[in-house]
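Engineer: Okay, here's the prediction I keep looking at, along with the sequence it came from:
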Amino acid sequence: MRQYEHLSHRFYNTSLEKPATPISLYRPGFRYTQTGHVVNQGSEAMKNDREQTPQALLLTIPQAAQCLGLSRAKLYSLIAQEGGPPVVRFGRSVRISAASLKSWLQQYEQQQREH
């Protein structure tokens, strides 16, 4: 026996047994062709997905920062400034309303145009 041969089972599957249950690559809710390719369901399927997914009314700071394309730290600094996006506080939790974030962004854009 070679020096590290007793460790080979960690790196190679030496078992000749097949897995107990086969792994399916097919996802429920998708249509497939006979060759196994996903059928393009087009924008109608995406529209139905959007209609079924409820939009969040309140966003966390990281979520709002991601929506704006800013870092979390930059959004916190904007919140600290007067005239920053309005926040809603629940105890220690800080949230931003999606509607107020959109309106604040429009106001911020107008201010930038004026300067």
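Structural biologist: Perfect, thanks for sending it.
Engineer: Please count neighbours and contacts with C-alpha atoms only from this point.
Structural biologist: OK.
Engineer: Just the C-alphas of the biggest strand by length in the chain, formatted as PDB.
Structural biologist: Looking across the chain with DSSP state E, the single longest strand is strand 93-97. Only the C-alpha atoms of strand 93-97 are listed here, as PDB (Å, rounded to 0.1, in the frame of the first residue of the first chain):
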ATOM      1  CA  SER A  93     -35.200  48.800  12.000                       C
ATOM      2  CA  VAL A  94     -34.900  51.500   9.300                       C
ATOM      3  CA  ARG A  95     -36.900  51.100   6.100                       C
ATOM      4  CA  ILE A  96     -37.500  53.200   3.000                       C
ATOM      5  CA  SER A  97     -40.900  53.200   1.300                       C
END
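Engineer: If you count neighbours, what's buried in the helix or strand following it?
Structural biologist: Later in the chain than strand 93-97, the nearest helix or strand by DSSP states H and E is helix 98-114. Of all the residues in helix 98-114, those buried under the rule 16 or more other C-alpha atoms under 10 Å are 98, 101, 104.
Engineer: Give me the contacts around helix 98-114.
Structural biologist: The contact list for helix 98-114, computed with C-alpha atoms under 8 Å, 6 or more residues apart in numbering, reads 56-59, 84-86.
Engineer: just to revisit the earlier point, let me see the residues that make contact with the longest strand of the chain.
Structural biologist: Contact partners of strand 93-97, identified using C-alpha under 8 Å, 6+ apart, comprise 57-61, 64, 85-89.
Engineer: Okay, angle between that strand and helix 98-114 too, please.
Structural biologist: 70 degrees (axes from the mean of the first three to the mean of the last three C-alpha atoms, to 10 degrees).
Engineer: Skip the chain neighbours and tell me the closest residue to L78.
Structural biologist: Setting aside the residues directly before and after it, L78 is nearest to G84 in space (C-alpha to C-alpha, 6 or more residues apart in numbering), at 5.0 Å.
Engineer: wait, doesn't that neighbour sit right on Y76?
Structural biologist: No. Contact between G84 and Y76 fails when scored by C-alpha atoms under 8 Å: they sit 9.1 Å apart.
Engineer: show me where the chain has strands.
Structural biologist: In the chain, the strands defined using DSSP E lie at 58-60, 88-90, 93-97.
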